[in-house]
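Enquirer: Below is the structure, and that's it, no one-letter string:
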């Protein structure tokens, strides 16, 4: 709770044109959503890369879902970027990450799509959310760079 207070969140009533009671859950939601909304705003400015905005929209939707409902949504977000990059290998090269960075994520999101011997969940749902967020952030940052 002290971290929230340091970041300007307080427990209590906020008065003004309307009154709000800031709850711990509400404060946590703001801490999660603000960076995602900033990411969405950046993606909106990428006219040549509409898949970035689609991926962010899927990511935001997945944050509001349970792991069983959110995992397929995250998978679609990654697929959008993969298809726009020209394939999984191209996306991996674009991001400068090892193959396992995306492979482990996709396998963790949909283990039933892999052979029994490979069907291991290597990342928790929270780790999948975080990794997908990082992948989308990297993709947007690379797309924002002026082409040479």
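Expert: Thanks, I have it. All values reported here derive from a predicted model rather than from experimental measurement.

Enquirer: in this protein, which spans are helices?
Expert: With DSSP state H, the ranges of helices along the chain come out as 2-6, 24-44, 50-63, 67-85, 88-95, 99-109, 125-144.

Enquirer: Include mean pLDDT and mean neighbour count when you put these into CSV, please.
Expert: Backbone N, C-alpha and C define where each C-beta goes, glycine included. Output for the helices of the chain, formatted as CSV (pLDDT from 0 to 100; neighbours: other C-beta atoms under 10 Å):
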stretch, mean pLDDT, mean neighbour count
helix 2-6, 60, 10
helix 24-44, 82, 14
helix 50-63, 94, 20
helix 67-85, 94, 19
helix 88-95, 94, 16
helix 99-109, 92, 18
helix 125-144, 94, 18
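
Enquirer: Residue 56: what's it in contact with?
Expert: By C-beta atoms under 8 Å, 6 or more residues apart in numbering, the contact set of residue 56 is 36, 39-40, 43, 77, 136, 140.

Enquirer: let's see it at 10 Å
Expert: 36-44, 77, 80, 133, 136-137, 139-140 (C-beta atoms under 10 Å, 6 or more residues apart in numbering).
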